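Enquirer: output the structure for:
(one chain, ligands or ions: 1)
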Amino acid sequence: NLVQQLPKAIIIGVRKGGTRALLEMLNLHPAVVKASQEIHFFDNDENYAKGIEWYRKKMPFSYPHQITIEKSPAYFITEEVPERIYKMNSSIKLLIIVREPTTRAISDYTQVLEGKERKNKTYYKFEKLAIDPNTCEVNTKYKAVRTSIYTKHLERWLKYFPIEQFHIVDGDRLITEPLPELQLVEKFLNLPPRISQYNLYFNATRGFYCLRFNIVFNKCLAGSKGRIHPEVDTSVITKLRKFFHPFNQKFYQITGRTFKWP
Ligand code: A3P
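Expert: Purely as a prediction, here's the structure:
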């Protein structure tokens, strides 16, 4: 009686927040089944046009008592997505994993930079992209900056879903102390607490927590997770932190979750 079920919860973002780690760690729970690939159903017009049955068939097989979770971080920042998800299931649970916005922006840049380097292409320095050379102000047209203005995106989602349907995960804490963050998600998803310290062990070589499913099966995330960030001019970091500050305050206010971001 295995079935392909539509997701009951979606990790909608944020890109570079730790979305892969969160999905893989939730999958440690016996009642959670993950869609391994990013499906990009709601943010990609071509995929969306294929219809909900196409989406369902992309889901893994699971038992009826289990819940399916997918993650596509582009959902968080794509205009059309909230309405489309609402039309599928207006009571779906939405997970957002965030990191300190400037760190997230640099992580985002690092991923793009690596892609360019792989193709032997040169790329701008982060400082050049993040700061408008004419005004010397933060360049709000730069995608890595815009994505980190979490409140702006969340406000679009709130036109469709009440705040109670969202759970905010602290991506910085998921790196250093994953278990309590996962326990909060279990609670939010109304799942019995099943993920334990046994399932998570710190791998000093990797510099991150890795996953232990059972006595024979464990795994760490791929090397593309946990890249070394380039050094960024401290004055640029300060400028960005100052820029994000009011947006962060608003985000805390809306979500009821406060972070120690500068
Ligand atoms: P960095 O590469 O900047 O360190 P996403 O999956 O959304 O792309 O997020 C990637 C980020 O997940 C990485 O960013 C890394 O810091 C973070 N992460 C959190 N927990 C991790 C873990 N256990 N193993 C590897 N990366 C982890």
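Enquirer: got the residues of the stretch 1-150 of the chain near the ligand?
Expert: Proximity of the stretch 1-150 of the chain to the ligand, by Cβ under 6 Å from any ligand atom, involves residues 15, 16, 17, 18, 19, 20, 21, 73, 107. C-beta here means a position set from N, CA and C on the backbone, and glycine is covered the same way.
Enquirer: the strands in the stretch 1-150 of the chain, which residues?
Expert: Applying DSSP state E, counting those that start in this stretch to the stretch 1-150 of the chain gives strands spanning 3-4, 9-13, 32-34, 61-62, 67-71, 93-98.
Enquirer: which helices and strands sit right next to the first one?
Expert: Counting contacts by 3 or more Cβ pairs under 8 Å, 6 or more residues apart in numbering; DSSP states H and E, strand 3-4 packs against strand 61-62.
Enquirer: what pLDDT is listed against residue 1?
Expert: With respect to pLDDT, residue 1 has a value of 89.
Enquirer: surely it touches residue 66?
Expert: No: here residue 1 lies out of contact with residue 66, judged by Cβ atoms under 8 Å, at a distance of 11.3 Å.
Enquirer: which residues are in contact with residue 80?
Expert: 42, 43, 45, 48 (Cβ atoms under 8 Å, 6 or more residues apart in numbering).
Enquirer: show me what contacts the second one?
Expert: It stands for residue 43. By Cβ under 8 Å, 6+ apart, residue 43 lies in contact with 72, 74, 75, 78, 80, 81.
Enquirer: report how many residues lie close to the fourth one.
Expert: Looking back up the chat, that one is residue 78. 19 (other Cβ atoms under 10 Å).
Enquirer: so it sits against residue 42, correct?
Expert: Yes: Residue 78 is within contact range of residue 42, at 7.3 Å (criterion: Cβ under 8 Å).
Enquirer: rewinding a little: adding pLDDT, write the contacts of residue 43 out as CSV.
Expert: Below are those laid out as CSV (pLDDT from 0 to 100):
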residue, pLDDT
72, 98
74, 98
75, 98
78, 98
80, 98
81, 98
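Enquirer: which of those residues sit farthest apart?
Expert: Farthest-apart pair in the contacts of residue 43 is 72 and 80; separation 13.0 Å (Cβ to Cβ).
Enquirer: so what sits against both of the two?
Expert: Taking Cβ under 8 Å, 6+ apart as the criterion, residue 72 and residue 80 both touch 42, 43.
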